[in-house]
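Engineer: turn this into a model:
(chains A and B, ligands or ions: 3)
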Amino acid sequence: MSLYAMDRARLGELYEALGALGRVYLPTRKNGASAFLPYGEEGSEADLSLLLCDKSPKDLFFPQSEELVKFRLTGAEIALQEAARQKEPFVLFGVKACDLQAIEVLDRVFLAEPVDSFYQSRREHATVVALACARPAESCFCTAFGIDPTSPQGPCDAVAWLTESALYLRPCTEKGETIVSCFAGFAPADEKEVAAQQAAARAVLGRLPYGQLDLSRFGEASDELALFDHPAWEELSAHCLGCGSCTFSCPTCQCYDIRDYDTGKGVLRFRCWDSCMYKDFTMMAHGTPRKTQKERFRQRFLHKLVYYPKNNGGLFSCVGCGRCVKKCPANLHMIRVAKALGGEPRAQ
Amino acid sequence: MPNDPLIPMIGVVTDVRRDTPDVKTFRVNALTGGKNFAHMPGQCAMLSIPGVGEAMFSITSSPTNTEYLEFSIKKCGCLTDWLHRLEAGAQLTIRGPYGNGFPVEGALLGQDLLFIAGGIGLAPLRSVINYVLDKRERYGKVDIVYGARSADDLVDLEEIRASWAHAPGVDVHLTIDRAQEGWEGNVGFVPNYVRELGFAPTATALVCGPPIMIKFVLGALAELGFARTQVYTTMELRMKCGVGKCGRCNIGSKYVCKDGPVFRMDQLDELPDEY
Ligand code: SF4
Ligand code: SF4
Ligand code: FES
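Structural biologist: Ligands and ions are numbered 1, 2, ... in the order given. The predicted structure is shown next:
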């Protein structure tokens, strides 16, 4: 599809214009952290040049906590009222290639039969604009998962490139076209500047320390039992605090809990993010099959590298965003795990 | 029907029966009468008391029962304590059915069937047994080995004696752990009893009960020459969603709520030993 460009100095005007399509969520700095926040909030600063937001856009589709149903109890009778689904359209602008792939990973979970209607209503009301990376960082290893950050692919409506002077945009759906038509500042453009940026970024990618991480032992055809029994888990997990920072910052972690809250006037049932790193995650009346942190740690990583790919045609559910690499207080993460498991021969 | 798998329906408890000191069987109907949904033997449902909790239970009644769903529930925690306090007329929430169930219309057709249950493990098998007895001509000989701590802990003893024991081509073998006054059946643990009875390894075995019993029964069946491909069992893990999305109940790459709870032993052998 055609490529358009606009003057970078007019980004503020673009954000205003996008308001016509719904609330606009942008990579934003606020209180020393970054996240996808609605444009124009007090004390916040939208910044498309952020490489990766601390918080992934996951919660726009799968909120950290959301209401499912309300119960009113009168005597023996129960009346229930379903929580509202998303009805307002919104624009999610500036999703990097890894986070975009993460949406694909979540789609395959929540949109598989039986469809999660809460997630689905948000996906349907979103216009997603991906943004290519100009300067990948040391902690990035998306390329190990076959992701090209200079040309994001996945469930989006348009792909954008931000250069020194311009924002380029290539719509890939009808919704994507509306972005061009709602702002008069766009004009047809040629590929030259985009191609130059891609070439420069690819040169950086080639030098990233973990970009070529060997994942050949994992994936759809991997030996699930051998990896499960690998001797490295013991040592790898020894210093895991079970804090869940990795799962909460991960754009693909999808585990949730369902809980009830007594409001005094009735009972509210909500779901919230949960973590397989927590001890009570699998706890039952008679105990848990994952007794120590080793089992819980192993679950998180094997899910990303083996279990999910086996159920999803080889697609990994780690996208190499590097958030867990930066967030873990014990410095344990995907790269260390993949290296430890990949480098040693199969235990007999 | 609600518009989302996580939104439950209302169920009405229309009958409560005490089976053993800690097991009660609950009959559940839809608000408008009849069943909340149809199911296959071995499938489960999420029951909840709002404000208390929600948990997965196997559906004890047979699909051939067109009037209601039944659940035999052992008191063993917060939600089950509350459920045990319910009386006829009370409402609860229900959603389902979940899981694969036993292959009653597949691999089990035409086979001799050996049911082996311990304690509350009869709950999921009762659905299959009644289904098989209602479609008797589709299956071969049926043997039911059922054991519990004491005669008082045998669930559905009445139904077993009144109906199963007299069904054509069905042999019922009851056993209790320790001798007890008035008990004329076998005394001893289920695995040993299975060994003593010595079944021909041409049958298909369906095993349900406490993990330790299952383990020893599998040993006994192996001694009798049963292949792992001839033995089915059900798994129980903590569940929240029931539809393979909350990430809670997996054994390796399989979700017990969706790919189970029924597994053939050779299928379990391919999964990590984490259950
Ligand atoms: S596991 Fe770590 S690197 Fe992979 S997607 Fe999750 S946070 Fe990013
Ligand atoms: S791996 Fe690190 S971030 Fe994750 S739970 Fe363990 S200590 Fe926390
Ligand atoms: S109960 Fe949620 S994945 Fe099985």
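
Engineer: could you list the contact residues of chain B toward ligand 3?
Structural biologist: With C-beta under 6 Å from any ligand atom as the criterion, chain B comes near ligand 3 at residues B:239-242, B:244-249, B:255, B:257. Yep, even glycine has a C-beta here, placed from its N, CA and C like the rest.

Engineer: which of those residues lies closest to chain A?
Structural biologist: residue B:247 (3.5 Å; C-beta to the nearest C-beta).

Engineer: assign the residue in the stretch 1-150 of chain A positioned nearest to ligand 3 to helix, strand or coil.
Structural biologist: Closest residue of the stretch 1-150 of chain A to ligand 3, C-beta to the nearest ligand atom: residue A:109 (9.4 Å). At residue A:109 the chain is in helix, as set by DSSP: H, G, I helix; E, B strand; the rest coil.

Engineer: so how far is residue B:247 from it?
Structural biologist: Residue A:109 sits 8 Å away from residue B:247, going by C-beta to C-beta, to the nearest Å.

Engineer: what's the overlap in contacts for those two?
Structural biologist: residue A:254 (C-beta atoms under 8 Å, 6 or more residues apart in numbering or on different chains).

Engineer: so for those two, which sits in the more crowded spot?
Structural biologist: More crowded of residue A:109 and residue B:247, by other C-beta atoms under 10 Å in any protein chain shown: residue B:247, with 25 against 21.

Engineer: grab the nearest non-local neighbour of that one.
Structural biologist: residue A:255 (3.5 Å; C-beta to C-beta, 6 or more residues apart in numbering or on different chains).

Engineer: so that neighbour makes contact with residue A:276?
Structural biologist: Yes: here residue A:255 reaches residue A:276: they are 5.5 Å apart, a contact under C-beta atoms under 8 Å.

Engineer: which residues do the two both contact?
Structural biologist: Contacts common to residue A:255 and residue A:276, judged by C-beta under 8 Å, 6+ apart, are A:247, B:247.

Engineer: run through the stretch 151-275 of chain B and note the low-pLDDT ranges.
Structural biologist: Of all residues in the stretch 151-275 of chain B, none has pLDDT under 70.

Engineer: for ligand 1, give me its nearest residue in it.
Structural biologist: Counting by C-beta to the nearest ligand atom, the stretch 151-275 of chain B gets nearest ligand 1 through residue B:247, at 13.5 Å.

Engineer: which positions in the stretch 151-300 of chain A make contact with ligand 1?
Structural biologist: Close to ligand 1, as judged by C-beta under 6 Å from any ligand atom, the stretch 151-300 of chain A has residues A:249-252.

Engineer: hmm, try it at 8 Å
Structural biologist: A:246, A:249-253, A:300 (C-beta under 8 Å from any ligand atom).

Engineer: among those, which are in helices?
Structural biologist: Judged by DSSP state H, helices contain the following of these: A:246, A:249, A:300.

Engineer: output the below-cut-off pLDDT ranges for the stretch 1-150 of chain B.
Structural biologist: In the stretch 1-150 of chain B (pLDDT under 70), the answer is B:1.

Engineer: in it, what residue comes closest to ligand 1?
Structural biologist: Closest point on the stretch 1-150 of chain B to ligand 1, by C-beta to the nearest ligand atom, is residue B:6, at 24.5 Å.

Engineer: quick check: phi and psi on the closest residue to that residue other than its chain neighbours?
Structural biologist: Nearest residue to residue B:6 in three dimensions, chain neighbours excluded: residue A:68, at 5.4 Å (C-beta to C-beta, 6+ apart). Torsion angles at residue A:68 (phi, psi; degrees, to the nearest 10) stand at phi -110, psi -50.

Engineer: quick check, residue A:68 in contact with residue A:269.
Structural biologist: Yes: the pair residue A:68 / residue A:269 is scored as a contact, 4.9 Å apart, by C-beta under 8 Å.

Engineer: the two: who's more crowded?
Structural biologist: Set residue A:68 next to residue A:269 and count neighbours by other C-beta under 10 Å: residue A:269 wins out with 23 against 19.

Engineer: ok so the more buried one is a strand residue?
Structural biologist: Yes: counting by three-state DSSP, residue A:269 falls inside a strand.

Engineer: tell me the bridge partners for it.
Structural biologist: residue A:69, residue A:260 (DSSP bridges).

Engineer: do you know the pLDDT at it?
Structural biologist: We have a pLDDT of 97 for residue A:269.

Engineer: common neighbours of residue A:68 and residue A:269, please.
Structural biologist: residue A:258.

Engineer: so residue B:16, which state does it fall into?
Structural biologist: Going by three-state DSSP: residue B:16 is strand.

Engineer: how is chain A divided into domains?
Structural biologist: Chain A breaks down into these domains under automatic domain parsing: A:4-205, A:224-342.

Engineer: from residue A:43, how far out is the residue nearest to residue A:270 when sequence neighbours are not counted?
Structural biologist: Excluding its sequence neighbours, the residue lying closest to residue A:270 (C-beta to C-beta, 6+ apart) is residue A:67, at 5.0 Å. Distance, residue A:67 to residue A:43, by C-beta to C-beta: 27 Å.

Engineer: who's more crowded, the two?
Structural biologist: residue A:67 (15 against 7).

Engineer: doesn't the more buried one fall inside a strand?
Structural biologist: Yes: assessed with three-state DSSP, residue A:67 lies in a strand.

Engineer: surely it touches residue A:83?
Structural biologist: Yes: contact criterion C-beta under 8 Å: residue A:67 and residue A:83 qualify, at 4.1 Å.
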